[in-house]
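*Asks:* Give me coordinates for this.
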Amino acid sequence: MHLGERILEACRAKGVMVTCAESCTGGMVAAALTDVAGSSAALERGFVTYSNAAKVEMLGVSPETLAAVGAVSEEVAVEMAAGALAHSHAQVAVSITGIAGPGGSDHKPEGRVCFATAAGDDVSVETQEFGPLGRDNVRLAARDHALQLLLTALDKTP
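*Replies:* Predicted structure coming up:
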């Protein structure tokens, strides 16, 4: 069964909805979910917050956090997930922020993607180093990883 179908099934079984806050994936997670017929029972809304201004305005990410650690950070990923929950009617959120490439720096290399999930007070955050796979492959890997994290968060949701 496709990850999107498994997420839809889990949402229906638990009576919850999900939301996505995406930066480097540009809506790919929401698109993967809406590829599944009946996804309106699972996906409440998605936020594509590519710019820092969008992260602040749409999700309530702190400008101070952005200034201190930058958009590609676990701190911002957590604030994005929390903001997605606060600005939606969903019960579970996933966020993605990263460097898809080309480029990057020694400090933040291409292929670094930070993820967070939030479900009530349960927040998880992690960074994946996908490496310089090229922009398309980093974005696909980030999408798939975010979907898996969303399913894991749903599994832990009562």
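*Asks:* List the contacts of the most centrally placed residue in the chain.
*Replies:* With distances taken as CA atoms, centre = their mean, Ser95 lies nearest the centre of the chain, 2.2 Å away. Going by CB atoms under 8 Å, 6 or more residues apart in numbering, Ser95 touches 20-23, 77-78, 80-81, 84, 115-118. No exception for glycine: its C-beta is placed from N, CA and C like everyone else's.
*Asks:* Does it belong to a helix, a strand or coil?
*Replies:* strand (DSSP: H, G, I helix; E, B strand; the rest coil).
*Asks:* Could you measure from it over to Arg135?
*Replies:* Noted for Ser95: a distance of 20 Å to Arg135, by CB to CB, to the nearest Å.
*Asks:* Ile99 too?
*Replies:* 10 Å.
*Asks:* pLDDT weak spots in the chain?
*Replies:* 1 (pLDDT under 70).
*Asks:* And the strands in it, which stretches?
*Replies:* For the chain, the strands defined by DSSP state E cover 18-22, 43-48, 92-98, 112-119, 122-129.
*Asks:* Neighbouring strands - and their directions - for the first one?
*Replies:* Spelled out, it's strand 18-22. Paired strands of strand 18-22, with direction, are strand 43-48 (parallel), strand 92-98 (parallel) (DSSP bridges).
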